[in-house]
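In: Provided below for reference: sequence and predicted model.
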Amino acid sequence: MEPILVFPDPAPPELAQVLDLGGYPWKAVNDDITAQRLAPNAGWSGAVICATADPDRAFALCRSLRRGDNELAPLMILVNGTQLGELDDRGELFEDFCLSPFHPRELEARLRHLFRRVGVHADHPDLVEYGDLVLNLETYQAAIAGRPLDLTFMEYELLKFLSSNPGKVFTRETLLSRVWGYEYYGGARTVDVHIRRLRAKLGEHHAGLIQTVRSVGYRFGQSRWGATGE
């Protein structure tokens, strides 16, 4: 898949997160000259234009991308609620639109549907998904409800291991050997510290994804029996 053109540069962080986690290669531009200069030999796979901050430049870029022999499509435009009326007379500039602020899952679903309609498929990376949690195993990125998580390497490895085995209970000793490695000589407190930090970074509404099983260890998500942790 060739890259998707994104406006503006730099891309809004929440848009960049959706594209990266969805496996879409992309490049950000600020004008049609840069779009022409950075265009791959096979052409852009499509475009995602965010018109919320600078709608005049955004719509001007859309018109430019629609002109000439190499008309760019498909094109999605991101607008806020007050801009919906402006789309009535500009339907020829885009194939689909999405309201901003958007839920990451909605935008990802719209992008997948849009590009599938024209036969373009993302290079989907290896993902671990559980509810609102998404981990990209290729880029070591993680997000919860569309919010990027700033994790250390070992925090990421621990979260990856737990979320890849939902419902299973692991002792602290097992986690030490499976995540840190048999050569690691740290004590069980190392696991507790990392679990505490992960819960804090997941946030109040998602900290319960990692449950304490009394006198045993930890479990991610719900067990098959629907028991609750403490």
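Out: Happy to help now that I have it.

In: Which helix or strand contains Gln211?
Out: Taking DSSP states H and E as the definition, one finds Gln211 inside strand 210-213.

In: Parallel or antiparallel, list what pairs with that strand.
Out: strand 217-220 (antiparallel) (DSSP bridges).

In: returning to that earlier point: ok, and for the strand holding Gln211, which residues are buried?
Out: For strand 210-213, the neighbour count (16 or more other Cβ atoms under 10 Å) marks Ile210, Gln211, Val213 as buried. Any C-beta I mention is one placed from the backbone N, CA and C, and that applies to glycine too.

In: likewise stretch 52-67?
Out: Going by neighbour count (16+ other Cβ under 10 Å), the buried part of stretch 52-67 is Thr52, Pro55, Ala58, Phe59, Leu61, Cys62, Leu65.

In: Also stretch 94-111?
Out: Phe94, Glu95, Phe97, Cys98, Ser100, Phe102, Pro104, Leu107, Glu108, Arg110, Leu111.

In: Am I right that the first one is in contact with Ile77?
Out: The one in question is Phe94. Yes. Counting by Cβ atoms under 8 Å, Phe94 does reach Ile77; the two are 4.5 Å apart.

In: Need the residues touching each of the two.
Out: Shared contacts of Phe94 and Ile77, defined by Cβ atoms under 8 Å, 6 or more residues apart in numbering, comprise Ile49, Cys62, Leu87.

In: Quick one: the buried residues of stretch 94-111 as TSV, columns for pLDDT too.
Out: Output for the buried residues of stretch 94-111, formatted as TSV (pLDDT from 0 to 100):
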residue	pLDDT
Phe94	93
Glu95	92
Phe97	94
Cys98	95
Ser100	93
Phe102	88
Pro104	82
Leu107	91
Glu108	85
Arg110	90
Leu111	90
